[in-house]
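> what's the 3D shape of this:
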Amino acid sequence: METVLHRFAFICGVIIAGLSVTAAEKPPNIVVIFIDDMGYADIGPFGGKPELTPSLNRMADEGRRFSNFYVSQAVCSASRASLLTGCYNVRLGILGALGPNSNIGINANEMTLGELCQQKNYATACFGKWHLGHHRQFLPLQNGFDEYFGLPYSNDMWPFHPESKHLSMEERLKRWPHLRLIQGNETVVAEVTDKEQEQLTTQYTEHAVSFIDRNADRPFFLYVPHSMVHVPLYVSDKFRGRSGEGLFGDVVMEVDWSVGQIMDALSRNGLDENTLVIFTSDNGPWLSYGDHAGSALPFREGKGTMFEGGCRVPCLMRWPGRIPAATTCDEPAMTIDILPTVAELIGATLPEHTLDGRSIWPLMAAAEGAVSPHEAYYFYYGSQLQAVRSGPWKLHLDHDYRTLNGRPGGRDGIPAKYSTALLKQSLFNLDVDPEEAHDMAAENPDVVARLVGLAESARRELGDENLVGSGVRPAGIVAPGNKSPQR
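Just a heads-up that it's a prediction; the model follows:
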């Protein structure tokens, strides 16, 4: 799925980047902050209100914006699987959002970012929402992390879900069991309430800062997948009402505060110039929630679709002295590229099985002439291949999608209902039409033919709906006796 030219460019980029990185006396620390359901335009550096995000504004001033950064699929578990393994989630057999009734999770044969870093004796920790399987064998401590504190899946997967509030508690619990808060492998809160949800951002941050302080003298990988800004929205007393932009604005402010606390901890420990910090989101905004959702403007649609509003997300990267300050990268990149990039930076060995990501260090370092190492990116929703992006061109294949059709979203945590629409095969030039509004297929038949050919190649390897791809690997299946006590 790559041309010889792209392979050559990639190899050259790796050589150049390797020369610049191996000069470091100490392997770099890696921090990945992953926000849940944050839209492209929710923070100052990407068009949001800058007064709400001073820490992220600072991160952009001291680092690099990625204006064409993507997730593999615009939904929770699928997106996280790709981030942590460097693979399209469909290759791993993890689709959509795993819930408390799921008996699958990340396969033990996959290598996570945590396991990659453990090769080089890194301390590793995950503080936040995991969502790659809630049974013990799938939890972080069994998949490359020394420490874990957080929720096993989304914070709306509990008896107080908006769709269940009209039911008796007995009936609610048939749909959604109580939500647990986990430390290590053990449940520390068996029935999470509003009170615990209000403290999640603070507690994740406190754990992250403590981890940095305790591991300042050794290399570490810190993964902070926040539960917010996913609904239901909760904020601590210190930020409630402060934004002047409603509850969603308050929650954004608290997430920004968390980023600031982590950066301050790095500075306090003298680690700024030896730490790569990546900030991004797992998908675009959940638009049906209206005033409790963010914004993907100027892009089309949001979470749950593979239009730009669903899969293009804000991304900032900071590494003083290595990543040039106050710069922007407009080349496409994706979360699948983070694991192979980290492997290059720390000198770790990649797994023997197929990866989909490629190192993007030349893009991060703003190397002269650096371009995307991919000929194309592939966008699945569920198991359906819905779009292909190559250069400025994005070809949508025939698919249904959910939409509000211009109607407003819900209010106060109660969602509006989506409609279903059909998109026929369409071609968009994202350089001039990022809103995906003007189909240019008729004027560019050669481009359509090339992207259709790439799509066919992807289908053979990664599958498509009822077609099983030759390169697909199985998800993990819960072993007898290894089930969570919740189920």
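
> how about the helices of the stretch 251-400 of the chain, start to end?
With DSSP state H, counting those that start in this stretch as the criterion, the stretch 251-400 of the chain has helices at 308-311, 338-346, 361-364.

> Would you reformat those helices as TSV and include mean pLDDT, mean neighbour count and distance to P28?
Any C-beta I mention is one placed from the backbone N, CA and C, and that applies to glycine too. Formatted as TSV, the helices of the stretch 251-400 of the chain follow (pLDDT from 0 to 100; neighbours: other Cβ atoms under 10 Å; distance: least, Cβ to Cβ, whole Å):
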stretch	mean pLDDT	mean neighbour count	distance to P28
helix 308-311	98	29	28
helix 338-346	98	23	6
helix 361-364	98	26	11
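
> Could you export those as JSON lines, including distance to S267?
Converted to JSON lines, the helices of the stretch 251-400 of the chain look like this (distance: least, Cβ to Cβ, whole Å):
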{"stretch": "helix 308-311", "distance to S267": "33"}
{"stretch": "helix 338-346", "distance to S267": "21"}
{"stretch": "helix 361-364", "distance to S267": "21"}
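
> closest to N121 out of those?
helix 338-346 (10.2 Å; Cβ to Cβ).

> Could you list every helix and strand in contact with the closest one?
helix 4-21, strand 29-35, helix 76-85, helix 113-118, strand 275-281, helix 361-364 (3 or more Cβ pairs under 8 Å, 6 or more residues apart in numbering; DSSP states H and E).

> Can you flag the weakest of the ones you listed by average pLDDT?
Out of the helices and strands packed on helix 338-346, helix 4-21 stands lowest, with a mean of 42 (criterion: mean pLDDT).

> Between the helices of the stretch 251-400 of the chain, which one is closest to G105.
helix 338-346 (18.2 Å).

> and the closest one, how far from the chain's centre?
17 Å (Cα atoms, centre = their mean, to the nearest Å).

> and the angle from that helix to strand 29-35?
For helix 338-346 and strand 29-35, the angle between their directions (axes from the mean of the first three to the mean of the last three Cα atoms, to 10 degrees) works out to 160 degrees.

> what angle separates helix 338-346 from helix 76-85?
Using the same axes, to 10 degrees: helix 338-346 against helix 76-85 is 20 degrees.

> Let the chain start at 41 from now.
Sounds good: first residue 41 from here, last item helix 378-386.

> what does helix 378-386 contact?
If you take Cβ atoms under 8 Å, 6 or more residues apart in numbering as the criterion, helix 378-386 is touched by 54, 57-58, 61, 67-68, 70, 72, 123-126, 151, 153, 156-157, 160, 162, 259, 261, 316, 318, 388-390, 395, 397-401, 404.

> Just the buried residues of the residues you listed.
Buried subset of the contacts of helix 378-386 (neighbour count, 16 or more other Cβ atoms under 10 Å): 54, 57, 61, 67-68, 70, 72, 123-126, 151, 153, 156-157, 162, 259, 261, 316, 318, 388, 395, 397-401, 404.

> Just give me the neighbour total for the residue nearest to N469 when sequence neighbours are not counted.
Distance criterion Cβ to Cβ, 6 or more residues apart in numbering; nearest residue to N469, sequence neighbours excluded, is P432 at 5.2 Å. Residues lying near P432 (other Cβ atoms under 10 Å) number 15.

> Can you report phi and psi for P432?
phi -80, psi -10 (degrees, to the nearest 10).

> and what of G453?
phi 90, psi 0.

> Wait, it touches H201, no?
No. In this structure, G453 is not within contact of H201 by Cβ atoms under 8 Å, at 10.2 Å.

> shared neighbours of those two, which are they?
Joint contacts of G453 and H201 (Cβ under 8 Å, 6+ apart) do not exist.

> Can you show me the strands along the stretch 341-490 of the chain?
Using DSSP state E, counting those that start in this stretch, the strands of the stretch 341-490 of the chain run over 355-358, 367-369, 373-374, 417-421, 424-430, 433-436, 439-443, 459-463, 466-469.

> Residues in contact with stretch 448-456: which ones?
202, 271-273, 326-333, 444, 447.

> Would you format the strands of the stretch 341-490 of the chain as CSV with distance to V487 included?
Output for the strands of the stretch 341-490 of the chain, formatted as CSV (distance: least, Cβ to Cβ, whole Å):
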stretch, distance to V487
strand 355-358, 26
strand 367-369, 24
strand 373-374, 21
strand 417-421, 15
strand 424-430, 8
strand 433-436, 5
strand 439-443, 19
strand 459-463, 18
strand 466-469, 6
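
> right, and D312 touches L306 too?
Yes. Counting by Cβ under 8 Å, L306 is a contact partner of D312 at 5.4 Å.
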